[in-house]
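> pasted the sequence and its predicted model underneath.
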Protein chains: 2
Amino acid sequence: MALGRPRAFDLDHALDQALMVFWRRGYENASVAELTHAMGINPPSLYAAFGNKEGLFRKALARYLAVRTKFWDFAIAAPTARGMIERLLRGSVEFLADENNPPGCLLVRGAMTCSEMGKDIQNELISIRKMAEHKVWERLAAAKEAGELPAEVDPCAFAGFIAAVLEGMSVHAAGGASREDLQKIVDVTLKAWPETAATAPIDTREECLTGS
Amino acid sequence: MALGRPRAFDLDHALDQALMVFWRRGYENASVAELTHAMGINPPSLYAAFGNKEGLFRKALARYLAVRTKFWDFAIAAPTARGMIERLLRGSVEFLADENNPPGCLLVRGAMTCSEMGKDIQNELISIRKMAEHKVWERLAAAKEAGELPAEVDPCAFAGFIAAVLEGMSVHAAGGASREDLQKIVDVTLKAWPETAATAPIDTREECLTGS
DNA sequence: CTTATTATGTAGCGAACATTACATATTTGG
DNA sequence: CCAAATATGTAATGTTCGCTACATAATAAG
């Protein structure tokens, strides 16, 4: 069968452009007009390739998770639980302070509020945030099982705490916080970890950049 | 001069209804249709009383700050810096877990993302969040001046940390976190305060409710 | 009661929204 | 070179947006 005229734009590049718009505006405030303009295509091409605006957002979100959050995998894979926490926090500082990124995390900004029509996407983002917190909880629980954690650390509670701090840093960054502001938040956060004094302070900034 | 037909609705009550819509939907996603329906009035009455949608939001926001955030003033007025932190955190738990409130804080949810047209309101909310953090910083700095704080506590950094945790709790609550989830976050957060072991744990829930 | 004044309800304004019909342009298979 | 197939650009769909003109209803002053 003949395949006719080939697509005139690169799918991944167009997705990256769409991602930046969604990241800046949020899901519902990003208009199809702004999206198509950023992608360099016309509405019919968008709907042919992605179905509708929701389909485009889901594809852009998948690309965000695959490309932009590698520092998270790098953190989960840390040799120690304490190392994971540090990598998560310091990696987030670099991620949120990166001038090439819109301020704040897409998972937080994407659909903080929405109309009735946007509830599916909102729940999707909430679900992903919960899965991320669950990963931290699992890693901490495994560390506790292995006797790595002090008795007073409750893996579930600490995972919730870390997730909240990360979300709060995202809100802070969206409000214009600088790298130094975020760094200070991380420094105080690490004091909630009982072993702080016993653990040598490690600057994982280099590693995080390598990991992402 | 004759005053003609009197207003048929109570201003404060209408503002409260509008506030609930803005709180649930955010500034831009709250439509005038939904607002007027909730307020029990028609568009011309809204525009006669508040000028436009932005004016209505500003009035609703003022009412939110005056009526809904008294626990914050109660916290700032605490006799000790440590007491302020506890009141802030525990008060926020009750505030965020209150089933009568939409989930999350209006200052965080109101305009996390927006179009070009909503930037003024977004900056207004960011400015208020910064002022709140500044109040905590001032209180901590005064405590440090008075020798109340341990040397390792940096008032500025700790205020940023607390502000981030509160914002993170708001995001967490917007994602469906329960009172118990939020309570656990608070418990871990307080461990970042060096005097934890030396200070008797105080349940300030009653006081917070009284204060709000 | 008359009249001036003000709020109300209805109905509609232009603009922007997400989405799509349709004709055109471009490429591959035969 | 032709024909089938597919993406493109233009322009329009119906709907919702914030906002307002206008006529009416209801009140207070004289």
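In hand now; what should we look at?
> how's chain A carved up into domains?
Split into domains by automatic domain parsing, chain A comes to A:11-64, A:69-195+A:202-211.
> pLDDT weak spots in chain A?
In the predicted model, chain A carries pLDDT under 70 at residues A:1-2, A:195-212.
> what about the longest helix in it?
helix A:119-145 (DSSP state H).
> in that helix, what counts as buried?
By neighbour count on 16 or more other Cβ atoms under 10 Å in any protein chain shown, the buried set for helix A:119-145 is A:121-122, A:124-126, A:128-129, A:132-133, A:135-137, A:139-141, A:143-144. Where C-beta positions appear, they are placed from N, C-alpha and C, glycine not excepted.
> and the next helix or strand past it?
helix A:155-174 (DSSP states H and E).
> packing partners for that following helix?
helix A:81-97, helix A:106-109, helix A:119-145, helix A:179-189, helix B:155-174, helix B:179-189 (3 or more Cβ pairs under 8 Å, 6 or more residues apart in numbering or on different chains; DSSP states H and E).
> buried set for stretch A:4-17?
Neighbour-count burial for stretch A:4-17, counted by 16+ other Cβ under 10 Å, picks out A:14-17.
> mind listing which of these are in helices?
Those of the buried residues of stretch A:4-17 lying in helices (DSSP H): A:14-17.
> in TSV: those, plus distance to DNA strand D.
Listed next are those as TSV, based on distance: Cβ to the nearest atom of the strand, whole Å:
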residue	distance to DNA strand D
A:Ala14	9
A:Leu15	14
A:Asp16	16
A:Gln17	14
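> relative to A:Cys114, which of those residues is nearest.
Of all those, A:Cys114 sits closest to A:Leu15, with 21.6 Å by Cβ to Cβ.
> quick check: the closest one touching A:Leu61?
No: counting by Cβ atoms under 8 Å, A:Leu15 does not reach A:Leu61; the two are 9.9 Å apart.
> check the secondary structure at whichever residue of chain A sits closest to DNA strand D for me.
The minimum distance from chain A to DNA strand D, using Cβ to the nearest atom of the strand, falls at A:Gly4 (2.4 Å). For A:Gly4, the assignment made with DSSP: H, G, I helix; E, B strand; the rest coil gives coil.
> separation between it and DNA strand C?
5 Å (Cβ to the nearest atom of the strand, to the nearest Å).
> what's the answer for A:Arg24, then?
14 Å.
> which positions in chain A make contact with DNA strand D?
Residues of chain A lying close to DNA strand D by Cβ under 7 Å from any atom of the strand are A:1-9, A:41-45, A:48-49, A:115.
> go with 10 Å
A:1-11, A:14, A:32-33, A:36, A:39-49, A:115-117 (Cβ under 10 Å from any atom of the strand).
> those residues also near chain B: which ones?
A:Ser115 (Cβ under 8 Å from any Cβ of the partner chain).
> got the residues of chain A near DNA strand C?
A:1-6, A:8, A:25, A:27-36, A:42-48, A:50-57, A:117.
> so which of the residues you listed sit within helices?
Members of these lying in helices (criterion: DSSP H): A:25, A:32-36, A:43-48, A:50, A:53-57.
> from the residues you listed, which would you call buried?
Buried subset of those (neighbour count, 16+ other Cβ under 10 Å): A:25, A:34-36, A:45-46, A:50, A:53, A:56-57.
> state the phi and psi torsions of the residue of chain A closest to DNA strand D.
Main-chain torsions, A:Gly4, degrees, to the nearest 10: phi 70, psi -160.
> what are the buried residues along stretch A:159-167?
A:159-167.
> who touches the nearest residue to A:Lys53 once chain neighbours are set aside in this structure?
Nearest residue to A:Lys53 in three dimensions, chain neighbours excluded: A:Val32, at 5.9 Å (Cβ to Cβ, 6 or more residues apart in numbering or on different chains). Neighbouring residues of A:Val32 by Cβ atoms under 8 Å, 6 or more residues apart in numbering or on different chains: A:43, A:46, A:53.
> and the closest residue in space to A:Lys184 that isn't next to it in sequence, how many neighbours?
Sequence neighbours aside, B:Ala157 is the residue nearest to A:Lys184 in space, at 3.8 Å (criterion: Cβ to Cβ, 6+ apart). Counted with other Cβ atoms under 10 Å in any protein chain shown, the neighbours of B:Ala157 add up to 19.
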